[in-house]
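*Asks:* Could you work out the structure for the sequence below:
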Amino acid sequence: MDASWERRDGGTIGALVARLAATFPTREALVDPARGVRLDFARLAAWSGAVARAFLAAGVGRGDRVAIWAENRPEWIALELGLARIGAILVTANTALKAPEIEYLLAQSEACAVVFGSGVPGHSCVEALSAVRGRLPRLRLAIHLDDATPPWATSWTSLLARADEVAPATQAALEAQLDERDVINMQYTSGTTGFPKGVMLTHRNLLHNACGIGSKLRYQPGERLALTVPLFHCFGCVVGTLGAYVSAATIVLLDRFDAARALDLVQAERCHLLYGVPTHFRLLVEEQRRAPRDLATLRAGIMGGAPCPEELVRAIVATLHLPDAVAAYGLTECSPGVTINDPADPLELRATTCGRPMDDIAVQVVDPATLAPVARGATGELWVRGPCTMKGYWKMPDATAEVVRADGWLRTGDLATHAADGYVRIVGRLKEMVIRGGENVYPVEVEAALRRHPGVRDVAVFGVPDPLLGEQLHAAFLPAGDAPPDEEELQAFLRPRLAGVKVPQRIWCVDAFPMTASGKVQKWRLAGRFAPRA
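*Replies:* The predicted structure is shown next:
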């Protein structure tokens, strides 16, 4: 770490921006090669300050909610930093949301403004907002980031022109009044059960998490992060942006994940750090084997979002030149990081665990039925307590009370083991656990066994209703070659390796998995597709 820089996990995001501009004014802060953007920390600080003043001029202030609905782009990060500097709350929206979903998010968050791009291929944000904006009386501002701004919206350029209406001293005085306990970020859970909930996160939540990530991976000022995960998730806008900036690292942006373009970016920009979910990393490994790039500058990476199979971790280290690659575990309600491996951990531990709790974070594993702690190494629900835990769900006190107990413990809903040596292993989701004839089956274990078959590239295991056993176990897999194994062959492969109750009743070969925009398999869609018809 540069002697002139130290990580700080307290204070506000505005204070971090000011410190970066003062310490490293001419060092590159934000690069987007596709858009021709290269900003140093001084210019990024000035831009975020202009964004802050422009929103103040537009009547947006401390505690107001501003949504962003756009792919990765430099304006996204300027908005994240600028809104934090006036205490406004950034509400992140998944780019895959359809019109009814974005309407729900904007209405439930009571957003006064939305900043939006044109959309992703096959999905127009402009058309969706045009259809729903009339039913959103609290939405006063719609700010379009691209050309051809619709008549009912304001262009990004027009908004920024209003920055001159507010004196920098006025904005600075407001910034000085902000508190690290203020909520400045709100992210909506996936909504796989019930309506999505807005997770309220504070300066303190985010900076503590970012500092823990940077410290564990030993980030150095001037290192370069290839940021290819979506900014609308915690992985992007906390672990990514703030994880880099608390260590004075440079962010190199890609608008959306694409394996070939991601590797080209790493090679061209000489990046040192790379993040991804298991699905992304599998595609990166396959692409690098197909068309090798010079990845010699890569050093460290984080595998998050879902448990990463052991064989994939080994391939990431060897094929992508990531000797310090680590697995991490987290959830939006924890800002998101909870546990992480150390790069010095043996590869076996990095390939089979998600590490130990980060500094100042406590975990315990409890019996989900009795809520009593289980013995070390036994399976139960993982609970978390510490500065990472959310302030609550926006305007959902009952839902908050179900998750955050009076004693501060947050129930993650994830099944895990916590070994005597402190390492945590995620077994699966409590709600995804399949109870087959009274026996608990954890899909992660079955998936790991099936991935060892040479004909299986990837697999998802899920439960479907069964009138006799309550639930039956099914699996869907992506074939590794042109001649996929059949169901009987895969079941025979599993029987010597797993108890009979863990062998799926049906195993389906599919061309693709239904995925979220962040690269997670939507198992509930698979269950609906393959559930037996009445």
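*Asks:* Identify the residues contacting residue 10.
*Replies:* 180, 204, 207-208 (C-beta atoms under 8 Å, 6 or more residues apart in numbering). To be clear about C-beta, it is placed using only N, CA and C from the backbone, and glycine gets the same treatment.
*Asks:* Can you select the buried ones among those for me in ChimeraX?
*Replies:* Selection of the buried residues among the contacts of residue 10 in ChimeraX, burial being defined by 16 or more other C-beta atoms under 10 Å:
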select :180,204,207,208
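*Asks:* So which of the contacts of residue 10 are in helices?
*Replies:* Counting by DSSP state H, the part of the contacts of residue 10 found in helices is 204, 207-208.
*Asks:* doesn't residue 142 make contact with residue 129?
*Replies:* Yes: taking contacts as C-beta atoms under 8 Å, residue 129 lies within contact range of residue 142: 6.3 Å.
*Asks:* In terms of neighbours, single out the busier of these two.
*Replies:* Using other C-beta atoms under 10 Å, the more surrounded residue of residue 129 and residue 142 is residue 129, with 24 against 21.
*Asks:* Looking at the contacts of residue 10, which is nearest residue 278?
*Replies:* Using C-beta to C-beta, residue 208 comes nearest to residue 278 of the contacts of residue 10, at 25.7 Å.
*Asks:* and the closest one, what does it touch?
*Replies:* Here residue 208 is in contact with 9-10, 335, 360, 387-388 (C-beta under 8 Å, 6+ apart).
*Asks:* try residue 463
*Replies:* By C-beta under 8 Å, 6+ apart, the contact list for residue 463 reads 432, 434-436, 441, 471-474, 527.
*Asks:* go on, residue 19?
*Replies:* residue 8.
*Asks:* A helix includes it, no?
*Replies:* Yes: under DSSP: H, G, I helix; E, B strand; the rest coil, residue 19 sits within a helix.
*Asks:* In the chain, where is pLDDT below threshold?
*Replies:* For the chain, the stretches with pLDDT under 70 are 190-194, 517-518, 533-534.
*Asks:* which residue is nearest the centroid of it?
*Replies:* When the chain is reduced to its mean C-alpha position, the nearest residue by C-alpha atoms, centre = their mean turns out to be residue 235, at 3.0 Å.
*Asks:* before we move on, what SS does that one have?
*Replies:* Per three-state DSSP, the local secondary structure of residue 235 is helix.
*Asks:* Could you export the contacts of residue 10 as JSON lines, including distance to residue 491?
*Replies:* Putting the contacts of residue 10 into JSON lines (distance: C-beta to C-beta, whole Å) gives the following:
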{"residue": "180", "distance to residue 491": "55"}
{"residue": "204", "distance to residue 491": "50"}
{"residue": "207", "distance to residue 491": "50"}
{"residue": "208", "distance to residue 491": "47"}
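*Asks:* Give me the buried entries from the contacts of residue 463.
*Replies:* Using 16+ other C-beta under 10 Å as the burial test, the contacts of residue 463 include 432, 434, 436, 441, 471-474, 527 as buried.
*Asks:* so of those, which ones are in helices?
*Replies:* Filtering those for helices - DSSP H - leaves residue 527.
*Asks:* After the helix or strand encompassing residue 316, which helix or strand is next?
*Replies:* Taking DSSP states H and E as the criterion, residue 316 maps to helix 310-319. On the C-terminal side of helix 310-319, the closest following helix or strand by DSSP H and E is strand 326-330.
*Asks:* Show residues contacting that following strand.
*Replies:* In contact with strand 326-330 (C-beta under 8 Å, 6+ apart) are residues 209, 213, 216-217, 234, 239, 300-304, 307-308, 313, 336-343, 345, 350-351, 353-355, 414, 424, 426.
*Asks:* rerun at 7 Å
*Replies:* With C-beta atoms under 7 Å, 6 or more residues apart in numbering as the test, strand 326-330 has contacts from 217, 302-304, 308, 313, 336-341, 343, 350, 353-355, 424, 426.
*Asks:* Output stretch 172-180 as CSV, restricted to C-alpha atoms.
*Replies:* Provided in CSV are the C-alpha atoms of stretch 172-180 (Å, rounded to 0.1, in the frame of the first residue of the first chain):
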residue,chain,number,x,y,z
ALA,A,172,-19.9,21.4,0.5
ALA,A,173,-21.8,22.7,3.6
LEU,A,174,-24.5,20.1,3.0
GLU,A,175,-22.0,17.4,2.6
ALA,A,176,-20.3,18.3,5.9
GLN,A,177,-23.6,17.6,7.7
LEU,A,178,-24.0,14.0,6.4
ASP,A,179,-23.6,11.1,8.8
GLU,A,180,-22.0,7.7,8.1
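*Asks:* For it, which outside residues touch it?
*Replies:* With contact meaning C-beta under 7 Å, 6+ apart, stretch 172-180 is reached by 10-12, 14, 85-87, 202-204.
*Asks:* Redo those residues as TSV? Include secondary structure and distance to residue 506.
*Replies:* Shown next, in TSV, are the contacts of stretch 172-180 (DSSP: H, G, I helix; E, B strand; the rest coil; distance: C-beta to C-beta, whole Å):
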residue	secondary structure	distance to residue 506
10	coil	53
11	coil	54
12	coil	53
14	helix	55
85	coil	54
86	coil	54
87	coil	53
202	strand	46
203	helix	49
204	helix	48
